[in-house]
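*Asks:* Here is the input, now give the coordinates:
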Amino acid sequence: MTATDTPAELDSDSGSSSSSSSGYGSDAPAATSGPGGVLTGRERIDALDAQIAELVLRRIEVSRQIQASRIAEGGRRVDLRRETEIIGRYSAALGRPGTTIAMALLELGRGRA
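*Replies:* Below is the predicted model:
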């Protein structure tokens, strides 16, 4: 995904932009396949992506609140034991990509030092 791609411009299966101008890889015929077709599936993916983004933003805010409380109580900003638990949970559920997702969430939640 490039900085200018939007979720709707990405092929959810490959993560790459579709090439409709050349006809190569064009989605036009499949897009009109009715209920359960490509467009319907992509709309569902887009809706899920919006929900995921909203949840991530909520998670960042909760993490910020926890950090503030921990620091106010004399603790450290980052709890490495807790981060290890989170990485383990995502890894157990999703395998190696889960580790990447957990690391990204933790980085977002840490905020600025």
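*Asks:* Low-confidence stretches in the chain?
*Replies:* When residues are selected by pLDDT under 70, those of the chain lie in 1-35, 112-113.
*Asks:* Measure how buried residue 111 is and give me the count.
*Replies:* Using other Cβ atoms under 10 Å, residue 111 has 12 other residues around it. From N, CA and C alone the C-beta is placed, and that goes for glycine too.
*Asks:* so who does it touch?
*Replies:* 60, 63, 64, 67 (Cβ atoms under 8 Å, 6 or more residues apart in numbering).
*Asks:* Tell me which helix or strand the third one sits in.
*Replies:* In this assignment (DSSP states H and E), residue 64 forms part of helix 38-72.
*Asks:* and that helix, what does it pack onto?
*Replies:* Packing contacts for helix 38-72, counted by 3 or more Cβ pairs under 8 Å, 6 or more residues apart in numbering; DSSP states H and E, involve helix 28-31, helix 96-110.
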